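Trainee: got a predicted structure plus its sequence, pasted below:
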Amino acid sequence: MLSNANLNSSYTLRREEVKKSIRNVYDKIGTPIDLGELAFVTGVNALMNMLWGDSLQGEEGTKTGAEFKRLVGELVVLFAKPNVSDFFPMLAMFDLQGIERKGKRIVQYIERILDSAIEKRMNSNTDKNEGTGQMEQRKDFLQLLLELREQDGAATSISMRQVKAMLTDILVGGTDTTSTMVEWVMAELMQHPEAMRKVNEELTEVVGLDSLVEESHFPKLHYLDAVIKETFRLHPALPLLVPRCPSQSSTVGGYYIPKGCMVWLNVWVIHRDPKIWENPLEFQPERFLNESSNLDYSGNNFNYIPFGSGRRICAGLPLAEKTLMYILASLLHSFEWKLPHGTELEFSDDFGIVTKKLNPTVAVPTPRLSNFELYTK
Ligand code: HEM
């Protein structure tokens, strides 16, 4: 599902969701909009469409999206919360901080969404089989997983539990991260009007005010790409990545790392290390415009690893890169964004495995496009 060929063939699904969001924003022109919520619903719909061909529709869908966002947000806080049971396993059965109880409640909520999608698909597969005797179903991610299920003796056979675990991984891993980054980028741009001006200029030149952004424009949006990379430097979504557990003892940089221990890599600190970065606390997208800097998301330069590195690098990286660029470029090209009157930007972050903004980024849109029909078609 996450290969480049599959991503290219699912472009229309992302396009539909982004256009829907532009229409929704246009309907609320002049009023404050929670950018994290907007990005979350756009991202989750694009993802659900790719996973099982359905999305959250209408007012009800927006409400479910907001609830889903809140719960995934709660889950990423729980993932990182120090748990007394980890240090004293005999206390685990008492679940003293209620971490297990809260986690289970959220996972059950996600499972209900998955159960409904899986049931619908299995019923439609049965109908098709009975009706025509042919297997001619949609080959989305859910269909591929269902076909791998319980193949007698096959090495690739997986259980229904594993199907749900994979879908949950993708939904949780791919939604909160993307919407959080949209919020940070928009906040940094509103805080740095010169950078915002350059992004707008680039979009006007590359896309034109009489057109909407398409993925084919991305390779030419160099400045916006640098803005996103600089935002990842200052606000890496997973500041400690996922923990590693070495299978052999070794010595790294003079430190002995015993086999079997848990290693956390502090990307947040690496990205702000004055030995690596000039003026590390300043927002300077230009540092990513220098082609010789070799700073991309591949994880090959250990000075810059917002998507991790090595075998466990983010599995959704190509999709994340496309979705983030698409949502941001579209919001910035279609609208001008200003802070609501009398409010100020705020950059504190919240504790959790994902570095979220403590307070939502809220902004008021005004139209930028010359052809108003583009907002509604
Ligand atoms: C802006 C968006 C995203 C960011 C910043 C991000 C970041 C990360 C990071 C830092 C890791 C840990 C890598 C490591 O420790 O080396 C990770 C793992 C992962 N990500 Fe993402 N991610 C994003 C979007 C996505 C999307 C869209 C998906 C799925 C469609 C996804 C699926 C995963 C999965 C499954 C893993 C675990 C990989 C493994 O352990 O083998 N992520 N992500």
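Mentor: Okay, I see it.
Trainee: direction included, what does the longest strand seen in the chain pair against?
Mentor: Ranked by residue count and defined by DSSP state E, the top strand of the chain is strand 362-367. With DSSP bridges as the test, strand 362-367 is paired with strand 33-34 (antiparallel), strand 335-338 (antiparallel).
Trainee: so residue 280, which of the three states?
Mentor: coil (DSSP: H, G, I helix; E, B strand; the rest coil).
Trainee: with the flanking residues excluded, which residue is spatially nearest to it?
Mentor: Distances taken as C-beta to C-beta, 6 or more residues apart in numbering place residue 272 nearest to residue 280, at 4.5 Å, with adjacent residues excluded. In short, each C-beta sits where N, CA and C put it, glycine included.
Trainee: what about the one you found, neighbour count?
Mentor: 15 (other C-beta atoms under 10 Å).
Trainee: so where does the nearest residue to residue 334 once chain neighbours are set aside fall, helix or strand?
Mentor: With C-beta to C-beta, 6+ apart as the criterion, residue 334 has its nearest non-adjacent residue at 5.2 Å, and that residue is residue 22. Taking DSSP states H and E as the criterion, residue 22 maps to helix 11-27.
Trainee: tell me what that helix is packed against?
Mentor: With contacts taken as 3 or more C-beta pairs under 8 Å, 6 or more residues apart in numbering; DSSP states H and E, helix 11-27 sits against helix 35-52, helix 317-334, helix 373-376.
Trainee: picking that back up, got the strands paired with strand 362-367 as a markdown table, with distance to residue 224 columns?
Mentor: What follows is the strands paired with strand 362-367, written out as a markdown table (distance: least, C-beta to C-beta, whole Å):
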| stretch | distance to residue 224 |
| --- | --- |
| strand 33-34 | 20 |
| strand 335-338 | 14 |
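Trainee: tell me which of those sits nearest to the ligand.
Mentor: Among the strands paired with strand 362-367, the nearest to the ligand by C-beta to the nearest ligand atom is strand 33-34 (18.1 Å).
Trainee: correct me if wrong: residue 336 contacts residue 369.
Mentor: No - here residue 336 does not reach residue 369: they are 10.5 Å apart, not a contact under C-beta atoms under 8 Å.
Trainee: between those two, which one's more packed in?
Mentor: Ranked by neighbour count (other C-beta under 10 Å), residue 336 and residue 369 place residue 369 first, with 19 against 13.
Trainee: what separation do you get for residue 206 and residue 216?
Mentor: 10 Å (C-beta to C-beta, to the nearest Å).
Trainee: compare those two (neighbour count), which wins?
Mentor: Taking other C-beta under 10 Å, residue 206 and residue 216 do not tie; residue 206 has more neighbours (19 against 8).
Trainee: distance of the closest residue to the more buried one other than its chain neighbours from residue 71?
Mentor: Residue nearest to residue 206 in three dimensions, not counting chain neighbours: residue 220, with 4.6 Å by C-beta to C-beta, 6+ apart. To residue 71, residue 220 is 38 Å away according to C-beta to C-beta.
Trainee: higher neighbour count, these two?
Mentor: residue 71 (17 against 14).
Trainee: what lies in contact with the helix or strand harbouring the more buried one?
Mentor: In the assignment (DSSP H and E), residue 71 maps to helix 58-80. Contact with helix 58-80 is made by 36-37, 40-41, 44-45, 55-56, 99, 102-103, 106-107, 109-110, 113, 171-172, 175-176, 179, 240, 350-354, 356, as judged by C-beta atoms under 8 Å, 6 or more residues apart in numbering.
Trainee: what parts of this structure come near the ligand?
Mentor: Within reach of the ligand by C-beta under 6 Å from any ligand atom, the chain has these residues: 169-170, 173-174, 177-178, 181, 237-238, 241-242, 306-309, 312-316, 319-320, 324.
Trainee: hmm, which of those residues are the buried ones?
Mentor: Buried residues within the residues of the chain next to the ligand, counting neighbours by 16 or more other C-beta atoms under 10 Å: 170, 173-174, 177-178, 181, 237-238, 241, 306-309, 314-316, 319-320, 324.
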